[in-house]
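S.K.: what shape does this take:
(chains A and B)
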Amino acid sequence: MHSLKSALRFLSRQKVFTAINGMGLALCLACCIILSRYLYCQFTPDRHLIDPETCYVIYRHGDGPRGKQAISIRDAKNHYNDEGKNYLDQLVADYCNLYEFPDTDVQLGGKNWTGNLLYADSTLTHFWHYDIEGDAKALTHKDVCWVSADYIARLGLTPEEALDTTLSIKFNHFRIVGIFHHPDGEEIVNPDIIIPSHSLPPVLRNNFSIIRVHPGFDAEEAMERLSTFGETERHHIIYSDNFIKHEIVPWRKSYMYYDDYTDVFKMHHYCNATLCWILAGVLLLIFAVGIINFINLNLVLWQRRQHEAGVRRIFGRQKRQICLDLWIEHLVLIAAAILLAWLIVQLSTPYVVTMLGDSIAGTRFDLLLTSGFLLLLPPLAMAYPLYRQLHANPISFLQQRGGSIQSLRTRTLILGFQYFITLTLMVLSLWMRSHLDFLLNQPIGFDANRVLLSRPACLSELYGWKNGKTFLDDNREELTPLLEQYAEKLSQIPSVESFCFTTNYELPITDNNEFYYNGQDEKRTLNSITVSESWFQVFGIQLQEGTMPIPLDFSIAPDKRGGNILNGWVVNRSALHVLGYESLDSAIIRRSTPILYTASGQYGLEFAPIQGLVGDHYSSHRTLGISPCIYCIETEEEQKYWREDSYIAIRCHDGQQRQLMTEMEKLQKEIFPSYTPVYQWMSDIVDEQYKSDRMIADVYTLFAAIAIIICCLGLLGLSFYDIRQRYREIAIRKAHGAHRQDLYLRLGRKYIAVLLVAFVLSIPVTYLFIHSYTETFVESAPLTPFMYVKAFAIVLLISLLTLIYQLERAARINVATTIKTD
Amino acid sequence: MALIQITNLQKVFRTELVETVALNNVSLTVEKGEFVAIMGPSGCGKSTLLNILGLLDTPTSGEYLLDGVDVSQCSESERTDIRKGTLGFVFQAFNLIEDLNVEENIELPLLYMGLPKAERQRRIQDAMERMNIGHRAKHFPAQLSGGQQQRVAIARAVVCQPSLILADEPTGNLDSKNGHEVMELLSELHKEGTTIVMVTHSQKDATYADRIVNLFDGQVVEKVEL
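M.R.: This is a model prediction of the structure:
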């Protein structure tokens, strides 16, 4: 109690130091709490997973648009012989098949909604623990479902209202028998509605399995072993010219397993590992700045307490008492800082959600984090004062009032280290901003601002399954005339300049195929896409040389076209370059896999000329550079074949985006009133690609700013002490004729020198970091000397503003009084 | 019986460049109830000797018997234990804790002795009354005059009823009137039987002592009985 009283009294008497130190620590801890909570969520997804160490998922690597995807156990088995199938059976103790249907039209309470559907085997509950209100065993029944509490809340219903009502998904009806709650933190698959999988037809896409393996399972060994079964060469199973590789990945790790097939409407969640590592780095730097600042200021404070410590020791304070007093004093200050930090965390939540794109729920981790700070920080901060108190002669504390020059030098050096980290963050922040500007503002080779991707109605296999029939018959017949009508009406909208059907709803090109060129056996994997001629018009990609080939027309039987179904190709300039052609003359290529399979054979394998050359454009993230692209031209009629699942890319007249949206909504109500449309501006899709870049730039800017604040608090505390210590010296100098500017220079130059040294040290560090960060980038913003100058100028200016008050106060002291009293 | 008996005490301060002999084979005996003044020019080793006598520092060599117990090789913890309740200190610069008020400053040694609160209060009141500072009990050092601060420091030194008071130039920071008052207080304590060892530059203050020990260059050069 006496120690506590003494600690509180000391801290309240040293108001300025307590405030500066507590505020600096609170800011640092708030940043650490925000970042570590976010990272904890990212590194521990699916917290409701039961026995996570034994849960795995099988990935298939292959060419084509779905280059890497999770697959089902049945799908995996199909690629092995009987021995391989048996081996897989031995490995797997349990499994659950999962079928994802994102953004599906749902009717509930007489209204149309969209929701993420998950069809799952009844073994789902063997893998995940869901907190369920209602029937927890519903997955063994038919025509029932569970709905998430969040989804129900979004629809404005209470669980009581939702339970026992019927939910319709096109032709199928499901009774809601349970309300499930999402776990805290991230979920790899986040369904709104869970339906028993036996309500589905036997063969479907989007199917993958979570598997549980037996104890002692070794994924590497299993893959090695599997590679020996069937037509395999190590992990590679060769099918004609393509390869397929399987990989068994721990379920939780699959969250970090970045899938380059990024479907914007997908319900499968992935973590951006690069961003997480960057955030972890920033977290460490901010923690270092904050803790060093705290310890440094604490040591300054210790200088002031040496006298008291000496007196107490002379009068018999024992080691145990010294430890207790120091610990309580630090604990009080740190506990106050932690409280303040949590207040900052709560107040900044809306901004953090905007910046990190995720709200973070409170978990046991918060308690662990707070306890960790409370346990670890006091011993860390009190280590040096305790050592000194226990080992130094108490009389030396009495003789040395105030800090020695050496200790002040140490403090200043530590401040320099803080400045080094701050300047590093500042330079990185400036470069990240410039890099983001570069990514967002450079021309991408096509016009994204005027292109709207629309999906007025979507028919996938799910909706088509009715009375045991597949979709390609009934629903196509139902939908095709409506789409014809839709297209007709669309062409009459005044704000529409042109439109086309496209199967690609992301950036134009995502598909990879191998192409032979030079008429030889040389081949390369290049992006390719099958489009109609109007596609170029919609995206504003100009034909620069040659002509458009005669489009592919599958309505004419291949054998009536002399065997070759393709007259020619269109490529962009970089593809022509990659293929080694100088011009279109004699440029020929062929695909390694057929374009058309029919009962009579495989077609499209012959060499055909490159007839048209279009301008380059970026088809993915700018840092990957311009992709060489090859275009296969189809007739507009052929594109109809895909209309049920495809998107319509609409180019509007300049400045008429708003009018277009109004017209589109009218058209939707007229033609497809019962469908929920999906609209996305191409510019938003491009922007979405730079979401993590924006986040990184924001994170660096924010935390560099906080690092500056912490540093300036450190500078304020240190200079407050340092300059106050030198009042007598200042008075003597003034008495001997020193002017204000002389004093400013004398008192401030040390700090400016420290800043300069920190700045010089930060140059190679930031250069090396940015160099290694951009090593794999084809294009990136340059790191210019101006960025360094700007970072230095910003930090210098803020530091001078911090110092100026104290310098001015020091310069104005009364010489006579100071010499007499100091 | 001798309260302090030091034999061939030596204290050497070493740095990388120089070796300074602060005390060179000093031998001295102080009887119980004696008032000894140590004098000598600046840098002769007076304060070093007093620090060693007060167990605030250790000798490089030699023997130090305090009340018949050899304390020259005691550990820091043992020295702290001996200091508590046995030794009282009065410094030239008072060395009061600025954050504690008069009462709390006086209470300091009692806290470390682990006395119950009532006993502490009783002793504090006694000490304050004796030093005539009871009316300043709640004041902080900065609110007191130099003389008052030194009286608080003496109250702090005597509150634990030590058998030995070590005073390092107790009047050095005081004017003559306050200096005189402080010396009267010490003299009173001496008359009550407290052993006092005082370092001083003042010939006048030294006259209050029973004996003067003169130091020069770390050696006892003269012992004068008064």
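
S.K.: pull out the buried positions in the lowest-mean-pLDDT helix or strand in chain B.
M.R.: In chain B, the helix or strand scored least confidently by mean pLDDT, DSSP states H and E is strand B:219-225, which has a mean of 77. Within strand B:219-225, the residues that count as buried by 16 or more other Cβ atoms under 10 Å in any protein chain shown are B:219-220. All C-beta atoms are positioned from the backbone trio N, CA, C, and that covers glycine.

S.K.: residue boundaries of the helices in the stretch 151-300 of chain A?
M.R.: With DSSP state H, counting those that start in this stretch as the criterion, the stretch 151-300 of chain A has helices at A:159-162, A:219-226, A:273-314.

S.K.: cool, chain B as well?
M.R.: B:46-53, B:76-86, B:102-113, B:117-131, B:146-158, B:176-191, B:203-206 (DSSP state H).

S.K.: mind putting those helices into TSV with mean neighbour count, mean pLDDT and distance to chain A?
M.R.: Shown next, in TSV, are these (neighbours: other Cβ atoms under 10 Å in any protein chain shown; pLDDT from 0 to 100; distance: least, Cβ to the nearest Cβ, whole Å):
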stretch	mean neighbour count	mean pLDDT	distance to chain A
helix B:46-53	24	89	5
helix B:76-86	18	81	4
helix B:102-113	23	87	4
helix B:117-131	16	91	10
helix B:146-158	24	89	7
helix B:176-191	17	88	17
helix B:203-206	17	90	21
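
S.K.: how about A:V678, nearest residue that isn't a chain neighbour?
M.R.: Nearest residue to A:V678, sequence neighbours excluded (Cβ to Cβ, 6 or more residues apart in numbering or on different chains): A:R455, at 4.3 Å.

S.K.: from what I can see that neighbour touches A:I648, true?
M.R.: Yes - with contact defined as Cβ atoms under 8 Å, A:R455 reaches A:I648; the gap is 7.5 Å.

S.K.: neighbours around residue 139, how many?
M.R.: Just going to use chain A. 24 (other Cβ atoms under 10 Å in any protein chain shown).

S.K.: meant chain B, my bad for not saying
M.R.: By the measure other Cβ under 10 Å, the count of residues near B:H139 is 15.

S.K.: now swap in A:E729 and tell me
M.R.: 16.

S.K.: tell me who's in contact with it.
M.R.: Going by Cβ atoms under 8 Å, 6 or more residues apart in numbering or on different chains, A:E729 touches no other residue.

S.K.: how close does it get to A:S719?
M.R.: For A:E729, the distance to A:S719 (Cβ to Cβ, to the nearest Å) stands at 15 Å.

S.K.: doesn't A:E634 make contact with A:C500?
M.R.: No - between A:C500 and A:E634 there is no contact under Cβ under 8 Å: 10.5 Å.

S.K.: and the least confident helix or strand of chain B with helix B:46-53, angle?
M.R.: 80 degrees (axes from the mean of the first three to the mean of the last three Cα atoms, to 10 degrees).

S.K.: so which residues make contact with strand B:219-225?
M.R.: Contacts of strand B:219-225 (Cβ under 8 Å, 6+ apart): B:23-28, B:40, B:210-215.

S.K.: alpha carbons of that strand, as CSV, please.
M.R.: Output in CSV follows, covering the C-alpha atoms of strand B:219-225 (Å, rounded to 0.1, in the frame of the first residue of the first chain):
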residue,chain,number,x,y,z
GLN,B,219,46.1,9.8,7.0
VAL,B,220,45.3,10.7,10.6
VAL,B,221,47.9,13.4,11.5
GLU,B,222,46.6,14.6,14.8
LYS,B,223,44.1,13.7,17.5
VAL,B,224,43.2,16.5,19.8
GLU,B,225,41.3,16.0,23.1
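
S.K.: chain center to it, what's the gap?
M.R.: Relative to the centre of its chain, strand B:219-225 is centred 20 Å away, using Cα atoms, centre = their mean, to the nearest Å.

S.K.: same check on stretch A:652-666?
M.R.: Mean C-alpha position of stretch A:652-666 versus that of the full chain (Cα atoms, centre = their mean) differs by 32 Å.

S.K.: number of residues surrounding A:L367?
M.R.: A:L367: 10 neighbours (other Cβ under 10 Å).

S.K.: quick one: it from chain B, how far?
M.R.: 35 Å (Cβ to the nearest Cβ, to the nearest Å).

S.K.: for stretch A:343-362, how far is the first residue from the last?
M.R.: End-to-end distance for stretch A:343-362: 14 Å, by Cα to Cα, to the nearest Å.

S.K.: give the contact list for A:T784.
M.R.: A:S434.

S.K.: wait, A:K77
M.R.: A:84-85, A:88.

S.K.: can you turn the buried part of the residues you listed into a PyMOL selection?
M.R.: In PyMOL, this line selects whichever of these come out buried by 16+ other Cβ under 10 Å:
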select buried, chain A and resi 84+85+88
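
S.K.: for the stretch 451-600 of chain A, what spans make up the helices?
M.R.: A:461-464, A:471-492, A:533-539, A:573-578.

S.K.: restricting to C-alpha, output the third one in CSV.
M.R.: This file holds the C-alpha atoms of helix A:533-539, laid out as CSV (Å, rounded to 0.1, in the frame of the first residue of the first chain):
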residue,chain,number,x,y,z
GLU,A,533,-15.2,-8.8,-82.4
SER,A,534,-17.3,-6.3,-80.4
TRP,A,535,-15.4,-7.2,-77.3
PHE,A,536,-12.5,-5.1,-78.6
GLN,A,537,-14.9,-2.2,-79.2
VAL,A,538,-16.4,-2.4,-75.7
PHE,A,539,-13.0,-2.4,-74.0
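
S.K.: residues in contact with it?
M.R.: When contacts are defined by Cβ under 8 Å, 6+ apart, helix A:533-539 is touched by residues A:446-447, A:451, A:498-500, A:502, A:508, A:542-543, A:548, A:551, A:614, A:617, A:633, A:636, A:649-651, A:682.

S.K.: what comes up buried for it?
M.R.: Result for helix A:533-539 [16+ other Cβ under 10 Å]: buried residues A:533-539.

S.K.: now the helices of chain B in TSV, with distance to A:V578?
M.R.: Output for the helices of chain B, formatted as TSV (distance: least, Cβ to Cβ, whole Å):
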stretch	distance to A:V578
helix B:46-53	85
helix B:76-86	78
helix B:102-113	84
helix B:117-131	89
helix B:146-158	89
helix B:176-191	97
helix B:203-206	100
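
S.K.: so which of those helices comes closest to A:E224?
M.R.: Among those, the nearest to A:E224 by Cβ to Cβ is helix B:76-86 (63.7 Å).

S.K.: taking the mean pLDDT, what do you get for stretch A:655-671?
M.R.: For stretch A:655-671, mean pLDDT rounds to 89.

S.K.: next one: stretch A:284-296
M.R.: 88.

S.K.: likewise stretch A:808-819?
M.R.: Per-residue pLDDT values across stretch A:808-819 average out to 74.

S.K.: what segments of the stretch 351-500 of chain A are strands?
M.R.: Assigned by DSSP state E, counting those that start in this stretch, the stretch 351-500 of chain A shows strands spanning A:451-455, A:496-502.

S.K.: how big is the angle separating the first one from strand A:496-502?
M.R.: Computed by the same axes, to 10 degrees, the angle separating strand A:451-455 from strand A:496-502 equals 50 degrees.

S.K.: residues in contact with strand A:451-455?
M.R.: So strand A:451-455 is in contact with A:502, A:505, A:538-539, A:646-652, A:657, A:660-661, A:664, A:677-683, A:685, going by Cβ under 8 Å, 6+ apart.

S.K.: what does chain A put close to chain B?
M.R.: For chain A, the residues found near chain B under the criterion Cβ under 8 Å from any Cβ of the partner chain are A:2, A:6, A:9-10, A:13, A:307-308, A:310-319, A:321, A:390, A:393-395, A:398.

S.K.: and these, which of them are buried?
M.R.: By 16+ other Cβ under 10 Å, the residues of chain A next to chain B give A:6, A:10, A:307-308, A:310-318, A:321, A:394-395, A:398 as buried.

S.K.: any weak-confidence spans in the stretch 201-350 of chain A?
M.R.: A:201-206, A:230-244, A:257-268 (pLDDT under 70).
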